[in-house]
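In: Here is a sequence with its predicted model. Questions after.
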There are 4 protein chains.
Amino acid sequence: MEQEQRIGRQKAVSELKRGLIMDAARKVFEAEGLEGASLRAIATAAGYTPAALYFHFESKEAIYAEVLRESLADLAKAVARAITRAKTPADQLRAAAMAFFRYYADNPKDLDLGFYLFRGGMKPHGLGKERDEILNTALELAMHPIADAAQALGARHEEARLLMADIFAHAAGLLLLAHTGRIRMFGASAPRLMERFVDGATLDLTEKKKR
Amino acid sequence: MEQEQRIGRQKAVSELKRGLIMDAARKVFEAEGLEGASLRAIATAAGYTPAALYFHFESKEAIYAEVLRESLADLAKAVARAITRAKTPADQLRAAAMAFFRYYADNPKDLDLGFYLFRGGMKPHGLGKERDEILNTALELAMHPIADAAQALGARHEEARLLMADIFAHAAGLLLLAHTGRIRMFGASAPRLMERFVDGATLDLTEKKKR
Amino acid sequence: MEQEQRIGRQKAVSELKRGLIMDAARKVFEAEGLEGASLRAIATAAGYTPAALYFHFESKEAIYAEVLRESLADLAKAVARAITRAKTPADQLRAAAMAFFRYYADNPKDLDLGFYLFRGGMKPHGLGKERDEILNTALELAMHPIADAAQALGARHEEARLLMADIFAHAAGLLLLAHTGRIRMFGASAPRLMERFVDGATLDLTEKKKR
Amino acid sequence: MEQEQRIGRQKAVSELKRGLIMDAARKVFEAEGLEGASLRAIATAAGYTPAALYFHFESKEAIYAEVLRESLADLAKAVARAITRAKTPADQLRAAAMAFFRYYADNPKDLDLGFYLFRGGMKPHGLGKERDEILNTALELAMHPIADAAQALGARHEEARLLMADIFAHAAGLLLLAHTGRIRMFGASAPRLMERFVDGATLDLTEKKKR
DNA sequence: TATGAATGAGTATTCATTCAT
DNA sequence: TATGAATGAATACTCATTCAT
């Protein structure tokens, strides 16, 4: 009994510390960029010696992978939450797409995290194949509701997948522009452009349905 | 007189050498990725000592900047060339947009070059403000024909700029997906999606015009 | 009474665990070499945390020392056993010397253990003085029967000691050559050379005796 | 002309610096042992930053290899010199063997260098195969005069090689004992034992010749 | 214009050991 | 007796840059 309690407490403390390290890592990733973030910097930010981190994570890469995993999980949650508040399939489609966009518009550091995955000479790289797949799956999970809504609107499976790709691409591109300040070059507002794009896509689908 | 000639010759030689270094840099960037490319590697590939490069470029960053500048100039040329072959404004719009997309689809290493600029904690970074503006201008130059075509199709100035942003964003997003192989996740083809998007946008404009 | 029993049991358990750790250490020493063997590796092989080993041994060095001590004890046993099977003093001399040689020829990992002691900038080093003496004694014990046999053959004390040194040296040198494969450079066989040397030395002694 | 001079001077300076680094390395190898000697320590001893050493040597291993190579070359020279001073083949045999022994008896740090080569779990290791062979050759070169002298004394080729092995082994063993202070355990003197062994071996050969 | 040598800061990871629990 | 977490020192090697020549 007592022992169980102690073990439970230890585990909790351990996880708390892991969390603190991940917070520090997030901060450092944000401040120094992902390539620039050294294990030393993360450790220091977390109030640790570099060596100490190895009790909590296998490697620097593992820290990044976990931070990213959490980010993607949050994204998926945000998308799911948005959908529950929508009634019609059309609204669901719009809500899901905009939730995806807004998650990254509101959390630029998560955007960096995500883009990092999309680069590096620019193939997956770094994180082992295994990890890469885990992350792909997470992304798929977050994006899937968009395809579901599209199918509910009458789109065939393939059409729905293409729409997903289109929405992902448009969001990614706009976020890129917004995040680097270059959107101003065009006198545009990323959220408004995103909305316009999503509305257009939704409209196209609903019109097709009628016919 | 004689002196002028000598100076002229010296300048020519100097620029030739710069060019050789840039060729080497391009090769190394492609082979090792942008972060992985060391000055030493570039120097070696160019048949120089690292120290020697500093007579031709201010810094490693400056080499990258110049390679990027040339890439953007090539892009602009590709877009311009595409337009001259199109007759109607609608065709020009399509041609310009697709030329932009294709330039990067066909030259993935130039895509890396470009994306690299769009990252690094994602802020302008590294390259001084000055340089950043030069590069912005180059990008603007390459993209401008799209806006021109849109205006020829009857769009107002602001509308044209927004269209430009949309096309840039969609292209960038699709290129990201294609370049990382993730486009397969969606069972999609980037060029076809791009074409569809551009056709849709052009159609919207021409229909508005009629009304 | 009861207490004594309990203490006895505890001691026994403790020694058993020490033994398990030493088994693990031997395995790791053999697999990774002596310098390459980390405490962590030994601990893991023994099913322990590194920290746990400190309840059983003072330091990593202490583990090595004990493994070596046991090896030397085994050597002494092997030599003693060989002697009991020999009848004449001449045979005893030969048997002891060859047993010494063969012990190491057959157990190369024990040879490493022994040579390691003989190195490290080559001074006693590491293991405290105390330990060094314990080990010297063990070596002496293992080698002594050779001197005894020599004296039985008529050699004076000093002569016998010199013979011991000679035999030790010749064996060590040949083992070095054999263990590193360099004996092949000479087209020689270590055991045969050792036998020849020992036979020669024995003969010299017996001839002296006759005169 | 002038240029040639400058280049010559530069080369000379460069080699001098290499030499200083090697001196420092020798000192550190002696003081810390071979495994313990860090690049940092060598650099510091030489008055350099660690990074600076890489302009003079490819790697830490390369430094060790060169130090060892020089040591073996000196050994070969010492043996050769000793022979020229001897008249009869018997004297040459004795002189060569004792020169080999004395070189290491007088330069214990070179002994460490050599033994290191003979160990490491205890196979060649570390230094690439290539280097290992270079060093084997050097050793062979240093030892060869012993076999030559033996053949001049009438020994057949194989016999001469075995004698070489015997002498090498005895010397190595005695040096081991002497270098670790353990020779005292036997109340013996390494040089005297070596002389006795060599004299005995020489005598055996000359007697065989007579018969 | 070019080199060779040098620097100082930086990299991720490993190690034996200690200590509170 | 055993653990998990922590430390501080260490490792070889790389990098962009500078400077005397």
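Out: Arrived safely, thanks for sending. In this text, all values refer to a predicted model and were calculated from it rather than measured experimentally.
In: contacts and neighbour counts: CA atoms only from here.
Out: Will do.
In: okay, residue A:137: pLDDT?
Out: Looking at residue A:137, its pLDDT stands at 87.
In: For it, give its distance to chain D.
Out: 44 Å (CA to the nearest CA, to the nearest Å).
In: so where does that residue fall, helix or strand?
Out: helix A:129-152 (DSSP states H and E).
In: Report whether the helix or strand following that helix contacts chain B.
Out: Using DSSP H and E, the next helix or strand after helix A:129-152 towards the C-terminus is helix A:157-179. Yes: using CA under 8 Å from any CA of the partner chain, we find that helix A:157-179 touches chain B at A:158, A:161-162, A:164-166, A:168-174, A:176-177, A:179.
In: Please convert the buried members of these into PyMOL selection syntax.
Out: Only the buried entries of these go into this PyMOL selection, using 16 or more other CA atoms under 10 Å in any protein chain shown:
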select buried, chain A and resi 161+162+164+165+166+168+169+170+171+172+173+174+176+177+179
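In: Where does confidence bottom out across the residues of helix A:157-179 next to chain B?
Out: Ranking those by pLDDT, residue A:179 lands last with 89.
In: any idea how far the residue nearest to the spatial centre of chain A is from chain B?
Out: Nearest to the mean C-alpha position of chain A, by CA atoms, centre = their mean, lies residue A:72 at 3.8 Å. According to CA to the nearest CA, residue A:72 and chain B sit 16 Å apart.
In: Tell me the secondary structure at that residue.
Out: Under DSSP: H, G, I helix; E, B strand; the rest coil, residue A:72 falls in the helix class.
In: I figured it hits residue A:139, correct?
Out: Yes: the criterion here is CA atoms under 8 Å, and residue A:72 meets it with residue A:139 at 6.6 Å.
In: what secondary structure does the one residue in chain A that gets nearest to chain C sit in?
Out: Per CA to the nearest CA, residue A:55 is where chain A lies closest to chain C, at 12.8 Å. Three-state assignment for residue A:55 (three-state DSSP): coil.
In: repeat for the one 3 residues further on
Out: The assignment at residue A:58 comes out as coil when based on three-state DSSP.
In: Provide a list of residues in contact with it.
Out: Residues near residue A:58 by CA atoms under 8 Å, 6 or more residues apart in numbering or on different chains: none.
In: Equivalent analysis for the one 5 residues further on, please.
Out: Residues touching residue A:63, when contacts are defined by CA under 8 Å, 6+ apart, comprise A:22, A:25, A:57.
In: cool, residue A:147 as well?
Out: A:157, A:160-161, A:163-164.
In: Same question for residue A:169.
Out: Contacts of residue A:169 were listed using CA under 8 Å, 6+ apart, and they are B:169-174, B:176-177.
In: what's the domain layout of chain A?
Out: A:1-57, A:60-210 (automatic domain parsing).
In: For those domains, give me JSON lines that also has distance to residue D:84.
Out: Shown next, in JSON lines, are the domains of chain A (distance: least, CA to CA, whole Å):
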{"stretch": "domain A:1-57", "distance to residue D:84": "60"}
{"stretch": "domain A:60-210", "distance to residue D:84": "64"}
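In: What number of residues are in the vicinity of residue A:180?
Out: Residues lying near residue A:180 (other CA atoms under 10 Å in any protein chain shown) number 18.
In: Any figure for the gap between it and residue B:115?
Out: According to CA to CA, to the nearest Å, residue A:180 and residue B:115 sit 11 Å apart.
In: shared neighbours of these two, anything?
Out: Joint contacts of residue A:180 and residue B:115 (CA under 8 Å, 6+ apart) do not exist.
In: what pLDDT, on average, does the longest helix anywhere in chain A get?
Out: Scanning chain A for the longest helix, with DSSP state H as the assignment, gives helix A:2-32. Averaged across helix A:2-32, the pLDDT comes to 86.
In: next SSE after it?
Out: helix A:39-45.
In: now the helix or strand that contains residue A:104, how far from the centre of its chain.
Out: In this assignment (DSSP H and E), residue A:104 forms part of helix A:89-106. When C-alpha coordinates are averaged (CA atoms, centre = their mean, to the nearest Å), helix A:89-106 and its chain have centres 13 Å apart.
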